[in-house]
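>>> Provided below for reference: sequence and predicted model.
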Amino acid sequence: MKRYKLAPSILAADFTKLGEQIKRVDEAGADYIHIDVMDGSFVPSISFGMPVIQSIRPVTNRVFDVHLMIDEPIRYVKEFKNAGADILTVHAEACTHLNRTIMAIKELGMKASVSLNPATPLSVLEYVLPELDMVLIMSVNPGFGGQKFISSSLNKISQLRKIIEEQQLDVDIQVDGGIHLKNVEAVVKAGANVIVAGTAVFSSDIESNVHGFYEVFQNV
Ligand SMILES: O=C(CO)[C@@H](O)[C@H](O)COP(=O)(O)O
Ligand SMILES: [Fe+2]
């Protein structure tokens, strides 16, 4: 089993102190920085894009895990690489040519990941799974932080873990949305190994929240 990783979502950070709060999650030991890009079309909300990613890139050496909630992300793959992305996640629902989009990400030397909305079946991954570094299972409908975890995601995660094991693939399972210290154990036990948390990291004491997640990971 892979080591469990925490990916704090900066969507929940205090934007007046963004650099400082990224440093704090880095120093507390978080593996990835999860960066939610929203276009107001694929999802209702608009967040931020390349200029923000570029400006926070010098703040940390941690992996920039960029979650693109945008239509036809193939249009911007190169720009996100240039801004500093290490992992690029695209939504299967947002790509007309999913295979081509994955190949474009990999050709630029980034890790490729595909995300599925809660209502999207795992079957859409059938012909692309061996090409992927990670699959992101959304446990809320994408577009906003602070939503309630959708519990049917647990079954989806365990089914995906089974498929990955059967095919002996090296693919991470990331889960995103509504995860906090009280439900993370169930998510990890279902088979996830990369956990996104926004509200549960950036509300109150950032350091103790990050340590709390790693403590759960150690005891699973
Ligand atoms: O991609 C998204 C939302 O669309 C997430 O990454 C959220 O930012 C996670 O926030 P919490 O649910 O943990 O508050
Ligand atoms: Fe996200």
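Everything's here; your move. Numbering: from 1, shown residues only. Ligands and ions are numbered 1, 2, ... in the order given.
>>> tell me, how many neighbours does P130 end up with?
For P130, the count of nearby residues is 11 (other Cβ atoms under 10 Å). Placement of C-beta: from N, CA and C, glycine included.
>>> where does the protein come near ligand 1, residue by residue?
9, 11-12, 34, 36, 67, 69, 140, 142-147, 176-179, 196-200 (Cβ under 6 Å from any ligand atom).
>>> Filter these down to the buried ones, PyMOL style.
Of the residues of the chain next to ligand 1, the buried ones go into a single PyMOL selection, burial set by 16 or more other Cβ atoms under 10 Å:
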select buried, resi 9+11+12+34+36+67+69+140+142+143+144+145+176+177+178+179+196+197+198+199+200
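>>> near ligand 2, which of the residues of the chain next to ligand 1 show up?
When contact is defined as Cβ under 5 Å from the ion, these meet ligand 2 at 36, 67, 176.
>>> Could you list everything L116 pairs with in the sheet?
Per DSSP bridges, the residues bridged to L116 are I137.
>>> and it, what pLDDT?
On pLDDT, L116 comes in at 99.
>>> how many other residues sit next to it?
By other Cβ under 10 Å, the residues close to L116 number 20.
>>> In strands, which of the ones next to ligand 2 among the residues of the chain next to ligand 1 appear?
Of those, the ones assigned to strands by DSSP state E are 36, 67, 176.
>>> The residue lying farthest from the centre of the chain and A190, how far apart?
Largest separation from the mean C-alpha position in the chain: E166, at 23.6 Å (Cα atoms, centre = their mean). For E166, the distance to A190 equals 16 Å [Cβ to Cβ, to the nearest Å].
>>> quick one on the thing from earlier: just send the ones next to ligand 2 among the residues of the chain next to ligand 1 back as TSV, with distance to F217 too.
Supplementary listing: those in TSV, determined by distance: Cβ to Cβ, whole Å:
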residue	distance to F217
D36	22
H67	21
D176	16
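>>> ok, what's across the strand from the residue in the chain that ligand 2 sits nearest to?
When you check the chain against ligand 2 by Cβ to the ion, the closest residue turns out to be H67, at 3.8 Å. H67 forms beta bridges with D36, T89, as assigned by DSSP bridges.
>>> Can you give me the pLDDT of it?
Confidence score, pLDDT, at H67: 99.
>>> Show me what from the chain comes close to ligand 2.
Checking the chain against ligand 2 by Cβ under 5 Å from the ion, the hits are 36, 67, 176.
>>> Just the residues of the chain next to ligand 1: which are in helices?
The helices, defined by DSSP state H, take in 199-200 from the residues of the chain next to ligand 1.
>>> For the protein, give me the ranges with low pLDDT.
1-2 (pLDDT under 70).
>>> ok, 90 please
For the chain, the stretches with pLDDT under 90 are 1-3.
>>> Quick one: the helices in it, in order.
18-28, 50-56, 77-83, 98-107, 153-166, 184-190, 199-202, 206-219.
>>> out of those, nearest to S113?
helix 98-107 (8.3 Å; Cβ to Cβ).
>>> Show me the contact partners of stretch 102-113.
74, 77-78, 80-81, 85-90, 114, 128, 131-136, 172, 174 (Cβ atoms under 8 Å, 6 or more residues apart in numbering).
>>> The nearest residue to N141 once chain neighbours are set aside and D71, how far apart?
Distance criterion Cβ to Cβ, 6 or more residues apart in numbering; nearest residue to N141, sequence neighbours excluded, is P118 at 6.0 Å. Computed as Cβ to Cβ, the P118 to D71 distance reads 19 Å.
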